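In: Give me a 3D structure for the following:
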Amino acid sequence: MKNIFKIIMLIAVQVIAIISCSSDDSTINTTETEENEETVEEEETVTELHPAFAAFNTEATTIFLDGNHVVIETTGLPNHETVYWGEGHTLYKDEPNVQVTPSIMSSNNNEITISVDATPNLTGSTVATELGTVGIAVSGASIFNDQEGGGPLSQAAASLDWTGAHIGPGVYHYHLEPKAFTNDDDKLVGILRDGIFIYGRKCNSTSTYPTDLDASGGHTSTTQYTEGEEEYHYHIINELYSNTGSYLAFAGPYQGY
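Out: Below you'll find the predicted structure:
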């Protein structure tokens with residue numbers, strides 16, 4: 001009888017141990033499942049383009065989603081008048097005071113493609129701009145920063161057309177407030193390489209110049225494209241730049257990397 005009792009007790013202990021292990025495994029699996037669900041939620045793919053992309057020149061740009069990135073392919077050719085179209089073009093504008101560099105039509109490398117985050121990474125880190133294209137404007141042309149060939153933009157001010165743009169190197173691009181589509185107003189200027197949109201000098205949420213801009217010219221408020229939701233975005237800073245008599249389009253740093 002003692003032996004039978006010992007056997008029964010041994011079996012009971014083993015059963016309890018198995019139940020305990022099963023319970024522990026269940027807890028671990030539940031926790032792991034929750035963590036995996038959170039990871040999937042964080043990596044959820046964006047399925048729709050931001051409404052602001054509807055303002056871009058469809059004749060020059062092709063814009064589409066690629067996972068969590070937005071790809072912008074552009075001819076680089078703007079849909080407005082400028083002396084840089086060259087005489088004979090329907091959009092040629094006579095600007096006798098502009099020291100013209102080569103025309104758009106003689107340049108063979110206006111096309112450019114950039115990929116930006118569909119959801120900008122606003123974690124607080126900033127990145128300085130570099131020479132070349134820092135963004136794409138709604139016209140389809142490039143946006144550059146406040147430098148010209150590694151030096152100050154003021155040295156090239158004479159070559160800027162009526163809308164704050166010129167060619168050199170290669171692509172037609174804006175350095176200043178592009179008056180062809182935003183002139184002391186709240187209209188969309190374009191999107192920058194960090195995935196953040198940039199607007200004119202005024203803010204749609206107040207119809208006046210914002211007073212809470214950070215070092216990049218950005219702040220968080222509603223825009224005409226956010227349906228009442230607040231969103232971080234840039235503005236052209238309302239400060240005249242050097243001897244140009246106009247306003248820099250964007251000098252940086254980026255806030256969305």
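In: Tell me how many other residues crowd the residue lying closest to Tyr247 once chain neighbours are set aside.
Out: Take Tyr247 and drop its neighbours on the chain: the residue closest to it by Cβ to Cβ, 6 or more residues apart in numbering is Glu177, 4.3 Å away. In short, each C-beta sits where N, CA and C put it, glycine included. Neighbourhood size, Glu177 [other Cβ atoms under 10 Å]: 25.
In: so Glu177 touches Asn183, yeah?
Out: Yes - look at Glu177 against Asn183 with Cβ atoms under 8 Å: they come within range, at 7.1 Å.
In: So for these two, which residues contact both of them?
Out: Gly200 (Cβ atoms under 8 Å, 6 or more residues apart in numbering).
In: need the contact list for Pro210.
Out: With Cβ under 8 Å, 6+ apart, Pro210 has these contacts: 202-203, 219, 221, 235.
In: do you know how far the residue nearest to Tyr247 is from Tyr241?
Out: Using Cβ to Cβ, to the nearest Å, Glu177 is found at 9 Å from Tyr241.
In: so is the closest residue to Tyr232 other than its chain neighbours in a helix, a strand, or just coil?
Out: Spatial nearest neighbour of Tyr232, excluding adjacent residues (Cβ to Cβ, 6+ apart): Thr220 at 4.7 Å. Assigned with DSSP: H, G, I helix; E, B strand; the rest coil, Thr220 falls in the strand class.
In: need the contact list for the residue most central in space within the chain.
Out: Residue closest to the mean C-alpha point of the chain, counted by Cα atoms, centre = their mean, is Gly195 at 2.0 Å. Taking Cβ under 8 Å, 6+ apart, we find Gly195 in contact with 70, 116-120, 256.
In: ok, which pair from those is furthest apart?
Out: Among the contacts of Gly195, the pair separated by the greatest distance (Cβ to Cβ) is Val70 and Gly256, at 12.3 Å.
In: any common contacting residues for these two?
Out: Joint contacts of Val70 and Gly256 (Cβ under 8 Å, 6+ apart) are 117, 195.
In: what sits in contact with each of Glu177 and Tyr241?
Out: Joint contacts of Glu177 and Tyr241 (Cβ under 8 Å, 6+ apart) are 247-248.
In: what pLDDT does Tyr172 get?
Out: Looking at Tyr172, its pLDDT stands at 94.
In: Low-confidence ranges, the stretch 1-150 of the chain, go.
Out: 1-44, 107-108 (pLDDT under 70).
In: all strands for it, in order.
Out: For the stretch 1-150 of the chain, applying DSSP state E, counting those that start in this stretch gives strands covering 61-66, 69-74, 112-117, 135-137, 142-143, 147-148.
In: May I see the buried residues of the first one?
Out: Looking back up the chat, that one is strand 61-66. Judged by neighbour count (16 or more other Cβ atoms under 10 Å), strand 61-66 contains these buried residues: 61, 63.
In: Nothing else from me, thank you.
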